[in-house]
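Participant: Sequence and predicted structure are below.
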Amino acid sequence: MVKVTVCGAAGGIGQPLSLLLKLNPQVSELSLFDIVNAKGVAADLSHINTPAVVTGHQPANKEDKTAIVDALKGTDLVIIPAGVPRKPGMTRADLFNINASIIRDLVANIGRTAPNAAILIISNPVNATVPIAAEVLKKLGVFNPRKLFGVTTLDSVRAETFLGELINVNPSSLKGKISVIGGHSGDTIVPLVNVTPEIASKVAKISVADYEKFIHRVQFGGDEVVKAKNGAGSATLSMAYAGYRFAEGVLSSLAGQSSSSAIPDSSYIYLPEIPGGKEFSAKYLRGVDFFSVPVVLEKGEIKSFVNPFEKLKVSKQEEGFVQVALAGLESSIAQGTNFVAGSK
Ligand code: NAD
Ligand code: LMR
């Protein structure tokens, strides 16, 4: 019996993500919250013949606080794709002004109404919205770093797809055989491709130019979609798939199952209070607190993380990418943290 709440459920990601969640037999209640059309999406999905009971929650006006409380009451897992997406010419950081307060307010409601829920944040800029969520929960005295996840799975999905094309292997077979760490924007995204000897030997045969193109494509894959959609938003379907893949891992762990992948999916997490996280950050990340690393889940929360530098054969070049990523992460984390400090 698991209640899952999607905040931003009527959006481009929210709708297909909710569809996938409705198909999961572990979900007993699927609670859909949005400021528009949540009831319509809920009515539509509720006709699908799976056990999850679907409820729609939409505020009647700006003052209505009951819809969000009803949506969150008793929930085990909250997934947040609420907020605005990019248009051509924008960076993810350009979304901060609007999305920062949306995340702050939604997470405050989660902290007050469902303080034990696991929270998956999709809304951009993830590098800053996750620190915002952490600060809000800290302020409320309910922060559990084991249950706050920045969703970076789309970067792994893209890396698997693009590398599969390049080395001519089925991309789905690459799940758990390569990894992506760092953050979720441009050069904060660091693909690791030498993790298993089998894949590393194929990667060694790629030309330098092809490898560089691959790295660029994973780091800037979001731009490809934004450009192709030409003003109609950013990745939604691939993101719904990726978000569901991560959510499914959390749901399976709630049911007592462990990940079948050699390397679990990464998530952008707050390291200092995860066992070994503080030392890892001090030794390899110049003390940066938030970083995406493969996470081992147990009962819906982070049990441990995989230290890429000790377990995933990080090359010298990849180490260089991490150094570049840290600079971008430091400023995004400070921006998120300062935003909450400056909020009432
Ligand atoms: P969208 O505009 O199609 O949908 C967003 C939804 O959020 C809308 O239905 C809107 O009504 C709703 N919303 C706005 N304010 C809200 C609030 N206060 N409470 C509840 N709902 C609210 O956008 P989208 O394409 O679904 O993208 C959503 C977000 O996800 C964007 O910020 C985008 O950049 C991000 N994104 C992240 C990743 C990732 O890898 N993490 C990938 C793709 C997109
Ligand atoms: C993505 O990677 O596709 C998302 O973060 C959306 C975007 O703005 O590119």
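Facilitator: Yep, it's here. Ligands and ions are numbered 1, 2, ... in the order given.
Participant: does any part of stretch 45-60 sit near ligand 1?
Facilitator: No. Using C-beta under 6 Å from any ligand atom, stretch 45-60 stays clear of ligand 1, coming no nearer than 8.5 Å. For glycine as for every other residue, the C-beta is placed from the backbone atoms N, C-alpha and C.
Participant: Buried residues, that stretch. List them.
Facilitator: 45, 52, 54, 55, 56, 57, 58, 59 (16 or more other C-beta atoms under 10 Å).
Participant: Just the endpoints, please. Distance across it?
Facilitator: 21 Å (C-alpha to C-alpha, to the nearest Å).
Participant: Show me what it is in contact with.
Facilitator: 9, 18-19, 21-25, 27-43, 65-68, 70-71 (C-beta atoms under 8 Å, 6 or more residues apart in numbering).
Participant: 7 Å instead?
Facilitator: 18-19, 22-23, 25, 27-36, 38-39, 41-43, 67-68, 70-71 (C-beta atoms under 7 Å, 6 or more residues apart in numbering).
Participant: near ligand 1 too, which of those?
Facilitator: 33, 34, 35, 36.
Participant: out of these, which one sits closest to residue 266?
Facilitator: residue 33 (26.7 Å; C-beta to C-beta).
Participant: what about the nearest residue to that closest one once chain neighbours are set aside, which helix or strand?
Facilitator: In space, and not counting its chain neighbours, residue 33 is closest to residue 71: 3.8 Å by C-beta to C-beta, 6 or more residues apart in numbering. Here residue 71 sits within helix 66-72, counting by DSSP states H and E.
Participant: List the buried residues for that helix?
Facilitator: 67, 68, 71, 72.
Participant: now do stretch 129-146
Facilitator: Result for stretch 129-146 [16+ other C-beta under 10 Å]: buried residues 129-137, 143-146.
Participant: Then stretch 80-96?
Facilitator: So, applying 16+ other C-beta under 10 Å, buried residues of stretch 80-96: 80, 81, 82, 83, 84, 85, 86, 92, 93, 95, 96.
Participant: so is the third one in a helix, a strand, or just coil?
Facilitator: Just to be clear, that refers to residue 82. coil (DSSP: H, G, I helix; E, B strand; the rest coil).
Participant: Pull the residues that contact the longest strand along the chain.
Facilitator: Secondary structure of the chain per DSSP state E: the longest strand is strand 290-298. Contacts to strand 290-298, defined as C-beta under 7 Å, 6+ apart, come from residues 130-131, 150, 152, 179, 181-183, 249-250, 253, 259, 263-271, 285, 302-306, 308, 329, 333.
Participant: Keep only those of these that are in helices.
Facilitator: Taking DSSP state H as the definition of helices, the contacts of strand 290-298 contribute 130, 131, 249, 250, 253, 308, 329, 333.
Participant: residues contacting the first one?
Facilitator: If a contact means C-beta under 7 Å, 6+ apart, then residue 130 has 121, 148, 150, 268, 290 as its contacts.
Participant: hang on, the earlier thing: of the buried residues of stretch 80-96, which fall within the contact range of ligand 2?
Facilitator: 85, 86, 92.
Participant: so which helix or strand takes in the second one?
Facilitator: Spelled out, it's residue 86. With DSSP H and E as the criterion, the answer for residue 86 is that it lies in no helix or strand.
Participant: Count the neighbours of whichever residue of the stretch 101-250 of the chain sits closest to ligand 1 for me.
Facilitator: Going by C-beta to the nearest ligand atom, ligand 1 is nearest to residue 124 of the stretch 101-250 of the chain, at 3.4 Å. Applying other C-beta atoms under 10 Å, we find 25 residues neighbouring residue 124.
Participant: Tabulate the ones in helices among the contacts of strand 290-298 (CSV), appending pLDDT and distance to ligand 1.
Facilitator: Listed next are the ones in helices among the contacts of strand 290-298 as CSV, based on pLDDT from 0 to 100; distance: C-beta to the nearest ligand atom, whole Å:
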residue, pLDDT, distance to ligand 1
130, 98, 10
131, 98, 14
249, 97, 15
250, 98, 15
253, 96, 20
308, 98, 20
329, 98, 15
333, 98, 16
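Participant: sorry, back to before: what's the closest of the ones next to ligand 2 among the buried residues of stretch 80-96 to residue 113?
Facilitator: Closest to residue 113, out of all of these and judged by C-beta to C-beta, is residue 85, at 26.4 Å.
Participant: contacting residues around that closest one?
Facilitator: Contacts of residue 85 (C-beta under 7 Å, 6+ apart): 12, 233, 234.
Participant: same check, this time on residue 179
Facilitator: Residue 179 neighbours (C-beta under 7 Å, 6+ apart): 192, 195, 263, 266, 294, 308, 312.
Participant: Just the pLDDT for the third one.
Facilitator: Think residue 263. Looking at residue 263, its pLDDT is 93.
Participant: Is it correct that it is in contact with residue 176?
Facilitator: Yes. Contact criterion C-beta atoms under 7 Å: residue 263 and residue 176 qualify, at 5.1 Å.
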